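1. What shape does this take:
(chains A and B)
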Amino acid sequence: MTFDRVPIVEAALDAALAALPAAPRPLRPEAPVRERSTLTAAAAVALFEDAVLSRALDVAARELKKTNRSFYTIGSAGHEINVVLGAQLRITDPAFLHYRSGALMMARARQLPGSTPAFDTLLGIVASSEDPIAQGRHKVWGSRALWVPPQTSTIASHLPKATGLAFSLARARRMGIAPELPADAIVLASFGDASANHATALAGINTARYAARLGLPCPILFVCEDNGTGISVPTPSGWIAETFGSLPHLRYVAAEGEVDEVWEAVATVIDEVRRLRTPAFLHLPTIRLWGHAGSDAEHTYRAAAEIAATEARDPLIRIARRLTELGAADPEDLRAIVRDTRERVGRAAEEAATRPRLATTAEVVAPMAPNHPERVEQRAVAGEEVDRHALFGGTLPEEASGPNARTLAGCLNAALTDEMARRPELLLFGEDVARKGGVYNVTNGLQRRFGAARVFDTLLDETSILGIAQGAAHLGLLPLPEIQYLAYLHNALDQLRGEAASLQFFSSGQFRNPMVVRVAGLAYQKGFGGHFHNDNSIGALRDIPGLVLAVPARGDDAARMLRGAVAMAIEDGRVVVFLEPIALYHEKDLHADGDGGWLTTYPAPPEALLPGEVGVHEPDASDLLIVSYANGLRLSLQAARRLREEHDIAARVLDLRWLNPLPTEALREHAASCGAVLVVDECRATGGGIADAVIADLVEHGGRTTGLRSVRAVDSFVPLGSSTSAVLVGTDQIVAAAVASVRSGAVTRA
Amino acid sequence: MTRAERGILVLPGRGAYTAASLGSLDLAHPWTRRADELREAAGLPKLTELDGAARFDPTLHLQPVHASPLIWLASLLDAERAAADHRIAAVIGNSLGWYTALTAAGVLSFDDGFALVSELGRLQQEPLPDGGRGGQVIYPLTDASWQPDEALRATVSSAVAAPSGNGHGRAFASIELGGFTVLAGDDAGVERLLRHLAPVRVGERLYPLRLALHGPYHTPLVAHVAAAARELLAHLAWSQPQVTLIDGRGARWTPWSTDPAALRDYTLGDQVTTPYRFATSLRVALREEAPDRLVLTGPGNSLGGICGQALVAEGYHGIHGRADFDAVQATDPIVLSMRR
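-> Numbers count the residues shown, from 1 in each chain, chains lettered A, B, ... in the order given. As a prediction, the model looks like this:
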């Protein structure tokens, strides 16, 4: 069997079109293809045109690959029946698309005159900087004008945010946000049969059903384009229908048959989702031609006869036959469409291949982490006028004298209240945040003040919480999702890594999903809770390009950092993780019980802190610089007192506050004026925390090669009870390392 | 150009017919004779008389009722020759050129095309509902090397956005040519545009330049023209085009999937009352049709530079500035102008 099946399938199409008999009863262009059908003859031919165009683009990608001018060959060949969705959904129905959506996109672009979908696609295939959506950073289906946020996922990890957007539509409209989308807009999320098994896919579908069960509008159309194969692994026959065909709160529709029948089924299901505002699942059978991608040698895992049998079911041939049967098209017209399309796409491909590509690092990373500190500062100050006395019911939080209002939790609660009042686009949600007011009372009273539309409890699924955040943010809302414990974030991490943090990068800043993800985490809860409530690994977060990681330790810092984080999200579209140390939420004391040393006065808005702005304690001390954050800051301050009293060492303590990006400028400056440097990192030793990065920066860029030490938590999960002290950093350890550091001067680790 | 090459046929608009265009018409061509019959029947001077005049009389030749069918016929005759010499993949037109395109592509018969262009020419010669005439003003958007000039664009935006009503008049974008923009307004609006747009010299010409005897086409000010045309031209028979058309929004109408009723609705609706984005139609033609040549019919060569500017804007075939374009034109021209 020939490995390159493209010419064979192309020739089979030509042969089939050549053999088509003339239409028995030609229809006028405006005539319906069947009685009472909403599909006209002209529109049916347009479907064929768009399907053929999609096929020609797949061929072009593979042709260009032969001369190393294209960089993406996952195609849409065999899936072209999705053209029916492209023609019937509106361009104001946000669409999160499967990577085999060529025909759908061609039909969707047809709704916007002036679009150049063929050339745009080719620019993506050749990775040109002129690709209007990703500028060559990825081949994606995406368009701002067509409301198609780009998806790079091949594993259906876009479903949670698609559901999130559907869930947020009505809320956004009520709040006067995203008015460009009509009230009856619906969301499309398409994916393959293999990725329908993915946990994120199931999470997205489950959350839509959950919303429907609660009676909340969630107008989303899930489309499973079922080609029966995931790369080389066949999907069990009937699996999609068995799995999704009878789920409560999810209408299931199988769109099978001829193109006009698929059209009717799609029309009906779109209409239902639009009217009823509830989710539906459309099962769209397709085939896959030419393997998974250009590099996939299908003959190594499928029999030749099986490949040939699949090819014989080419949807282009089936549509062509049906159009002539119905009288919608003359065979010669269909042949002319194929000739003309192949010719223009082939030539356009040659032109596209000459277009420029991103060349410099600066060009590539430009949209990844927009950073406009001056504008962010202005944004932090600007906000709606609020009668704060009315808001807080008399006593302002900055005037509060009781200790509970002056803890980290108390200050955060006040800061969230102020921000929610100042910024009507803010939404706050998560598990237990609304009625209960949070596990640690940080969100206490917010739902009562701001209502259930803006402050609400979610189902227990972090993937969906982050999905709702992304979807809401796509619309212009500013979500403050809460992840109840850091350890719970890991099962949903790809929603930050692969999805939220990459959106500006892959859309060249045309789509954004700004958010501030509040996460309760870190250890030191006096032995309570065990690993899942004491997780101290932040490496996975620091590793995400463009993600901002804020970790406050004190109440006043937390309030000001939260404002900075919110302003950064609004102004620069950034995704910020705001990690709140659980053990410090209600801590009052620093050195001794009852000293109140960890209480602070609430800083009234609009005071804000931005990345780079560190906290410095004992600024005049210079024997030693202790660099820390969160619980480590409190321990370091305790150690500093002992160092002074017991060892006559004057230690300056620097609170990093921002762990991504690290405040390297301030760090180097302070390190340069101190005799030695000790990094106190409460996170796990090997890459879990920031110690490696801080020391490497001081060595490489800070001109420091001696007097550097670190103390870090042990590489272990955090155990229960008194055993926790065996793995966590303690004051004694800090003191010992500090003394050794000041006295030795070598780069060592305690 | 060989038959293997793909050509885009480009049909000019109302500014096309100038003194140099006199004598354009092929007197022996049956279309010329038929047009004269139709003009006579309507009690209007024959097109051959206008075209054969000893001298160009702007007050006569530029009147819409004469200029429109004259340009239409001259373009159509050239288009027929172009189709004989070149393989035309798609047809675009600028403003009035759209009506020519409809006829050239076979959407309308010769007689119906003549009726369309004549009726619209007549309607557009009548005063606006407010009794005024309105008009169009052309202004450049690029510098001498055909690179976008943001300052000029900002001037245009502020001129259009300046306060309207209460004697300030109404002003709108009318035609997007790419390197130039055409703005339009009622009489007070045109005055305002002329006041707001800073004088700029391009070559011999000083801009803003008011286009003689042009009305505020492609704006809501002529909504009544669209309404009247729909009524008066209800009898026209619209067919699918025989070659792909790209309209003034950049929409493609293929010979295979076009609904003629939709084409009619656009032509006598949005086409009349919303901006004609000729630059967009050119961009779509370059990107989606991937032509080897742009074939410009007469009369005149009013779109020669505009097409060059479109190639530069697109970076087509590596053309990034006027010098690149001139070099290509001198050796293996992309823009083939049938007339000068």
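2. nearest spatial neighbour of the most centrally placed residue in chain A, skipping sequence neighbours?
-> Centroid-nearest residue in chain A: A:A500, 2.1 Å away (criterion: CA atoms, centre = their mean). Excluding the flanking residues, the one nearest A:A500 by CB to CB, 6 or more residues apart in numbering or on different chains is A:V575, at 4.8 Å. C-beta coordinates here come from the backbone N, C-alpha and C atoms, glycine included.
3. can you check B:P275 too?
-> Here the residue nearest B:P275, using CB to CB, 6+ apart, is B:A173, at 4.5 Å.
4. repeat for B:L193
-> Here the residue nearest B:L193, using CB to CB, 6+ apart, is B:V137, at 4.8 Å.
5. A strand includes the one you found, no?
-> Yes - following the definition DSSP: H, G, I helix; E, B strand; the rest coil, B:V137 is counted among the residues of a strand.
6. Alpha carbons of stretch A:585-603, as PDB, please.
-> C-alpha atoms of stretch A:585-603 as PDB (Å, rounded to 0.1, in the frame of the first residue of the first chain):
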ATOM      1  CA  TYR A 585      -4.600  33.600  58.500                       C
ATOM      2  CA  HIS A 586      -5.400  34.000  62.200                       C
ATOM      3  CA  GLU A 587      -2.000  34.400  63.700                       C
ATOM      4  CA  LYS A 588      -1.800  37.300  66.100                       C
ATOM      5  CA  ASP A 589       1.600  37.000  67.700                       C
ATOM      6  CA  LEU A 590       5.200  37.100  66.500                       C
ATOM      7  CA  HIS A 591       7.700  36.300  69.300                       C
ATOM      8  CA  ALA A 592       5.500  35.400  72.200                       C
ATOM      9  CA  ASP A 593       2.000  34.500  73.000                       C
ATOM     10  CA  GLY A 594      -0.100  37.700  73.400                       C
ATOM     11  CA  ASP A 595       2.500  40.100  71.900                       C
ATOM     12  CA  GLY A 596       0.200  40.900  69.000                       C
ATOM     13  CA  GLY A 597       3.300  41.200  66.800                       C
ATOM     14  CA  TRP A 598       1.600  39.700  63.700                       C
ATOM     15  CA  LEU A 599      -1.400  42.100  63.800                       C
ATOM     16  CA  THR A 600      -1.300  45.000  61.400                       C
ATOM     17  CA  THR A 601      -3.500  48.000  60.600                       C
ATOM     18  CA  TYR A 602      -5.600  47.600  57.500                       C
ATOM     19  CA  PRO A 603      -4.300  49.900  54.800                       C
END
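7. what separates it from the chain centre, distance-wise?
-> Centre-to-centre, stretch A:585-603 and its host chain are 37 Å apart (CA atoms, centre = their mean, to the nearest Å).
8. Same question for stretch A:320-338.
-> Worked out by CA atoms, centre = their mean, stretch A:320-338 lies 43 Å from the chain centre.
9. got the contact list for the closest residue to chain B within the stretch 101-250 of chain A?
-> As assessed by CB to the nearest CB, chain B sits closest to A:G114 within the stretch 101-250 of chain A, at 3.2 Å. Applying CB atoms under 8 Å, 6 or more residues apart in numbering or on different chains, one finds that A:G114 lies in contact with B:R249, B:G250, B:A251, B:R277, B:T280, B:R283, B:V284.
10. hmm, back to that, tally up the residues packed near the residue nearest to A:A500, please.
-> 29 (other CB atoms under 10 Å in any protein chain shown).
11. can you pull the contacts of it?
-> A:L496, A:A500, A:A501, A:N513, A:P514, A:M515, A:V517, A:G546, A:L547, A:V548, A:A569.
12. can you count the residues close to the fifth one?
-> The burial count assigned to A:P514 is 26, neighbours taken as other CB under 10 Å.
13. so who does it touch?
-> A:A473, A:L478, A:A569, A:I570, A:D572, A:G573, A:R574, A:V575.
14. Could you export those residues as CSV, including distance to A:T731?
-> CSV is the format used below for the contacts of A:P514 (distance: CB to CB, whole Å):
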residue, distance to A:T731
A:A473, 41
A:L478, 39
A:A569, 36
A:I570, 40
A:D572, 38
A:G573, 41
A:R574, 35
A:V575, 35
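15. Nearest to A:E332 among those?
-> A:A473 (50.6 Å; CB to CB).
16. Wasn't that closest one part of a helix?
-> Yes - if the criterion is three-state DSSP, then A:A473 is within a helix.
17. ok, so what distance separates the residue nearest to it when sequence neighbours are not counted from A:V548?
-> Of all residues not flanking A:A473 in the chain, A:N513 sits nearest, at 3.7 Å (CB to CB, 6+ apart). Distance of A:N513 to A:V548, given as CB to CB, to the nearest Å: 13 Å.
18. Neighbour count for those two, which is higher?
-> Per other CB under 10 Å, whichever of A:N513 and A:V548 has more neighbours is A:N513, with 30 against 26.
19. Hmm, the more buried one is touching A:G476, no?
-> No - in this structure, A:N513 is not within contact of A:G476 by CB atoms under 8 Å, at 10.2 Å.
20. give me every residue that touches the nearest residue to the residue of the stretch 101-250 of chain A closest to chain B once chain neighbours are set aside.
-> Spatially, and ignoring its direct neighbours in sequence, A:G114 is nearest to B:G250 (3.2 Å; CB to CB, 6+ apart). Counting by CB under 8 Å, 6+ apart, B:G250 touches A:P113, A:G114, A:S115, B:R277, B:T280, B:S281, B:R283, B:V284.
21. that older thread, the residue nearest to the centre of chain A reaches A:L466, doesn't it?
-> Yes - using CB under 8 Å, A:A500 makes contact with A:L466 at a distance of 6.7 Å.
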